[in-house]
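[1] Please find the sequence and the predicted model below.
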Amino acid sequence: MQRGLPMELASDYVHTLEHRLALPSHELPEMLWAYGSLYGELWNDPRIGAGTPTRRIMLAMTTALRARSAQLNASKAAAPPHSAARHLPTMPVNGAAL
């Protein structure tokens, strides 16, 4: 009998899902969180007719999806803002452009 949740497998599935979603990178954290919420609602719903191994992966994916979403949000918040200097027009210096 397997102990604990299959977190490594769930992380692999999250990685695959992340790369298959055709979204701009700024929308990805919100979408992954939404998938995590959906899996959180469905993993124990008897109407889906899934077996125990599938339900265990779904429960693990709830955590893995939310963790990846939080990780992406944290890296986005830690990223330095775009430098305004790159967007400034060049100014002439002694009659020559920079």
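    Ah, there it is.
[2] Check the offset of whichever strand or helix holds Pro53 from the chain's centre.
    Here Pro53 is covered by helix 52-78, with elements defined by DSSP states H and E. Here the centre of helix 52-78 is set off from its chain's centre by 7 Å, with Cα atoms, centre = their mean, to the nearest Å.
[3] All the helices of the chain, residue numbers only.
    7-20, 28-42, 52-78 (DSSP state H).
[4] okay if I get those helices as TSV plus mean pLDDT and mean neighbour count?
    Backbone N, C-alpha and C define where each C-beta goes, glycine included. Formatted as TSV, the helices of the chain follow (pLDDT from 0 to 100; neighbours: other Cβ atoms under 10 Å):
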stretch	mean pLDDT	mean neighbour count
helix 7-20	95	14
helix 28-42	97	17
helix 52-78	94	17
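[5] ok so, going back, report the angle between the axes of the helix holding Pro53 and helix 28-42?
    Using axes from the mean of the first three to the mean of the last three Cα atoms, to 10 degrees, the inter-axis angle of helix 52-78 relative to helix 28-42 is 150 degrees.
[6] Which neighbouring elements make contact with helix 52-78?
    helix 7-20, helix 28-42 (3 or more Cβ pairs under 8 Å, 6 or more residues apart in numbering; DSSP states H and E).
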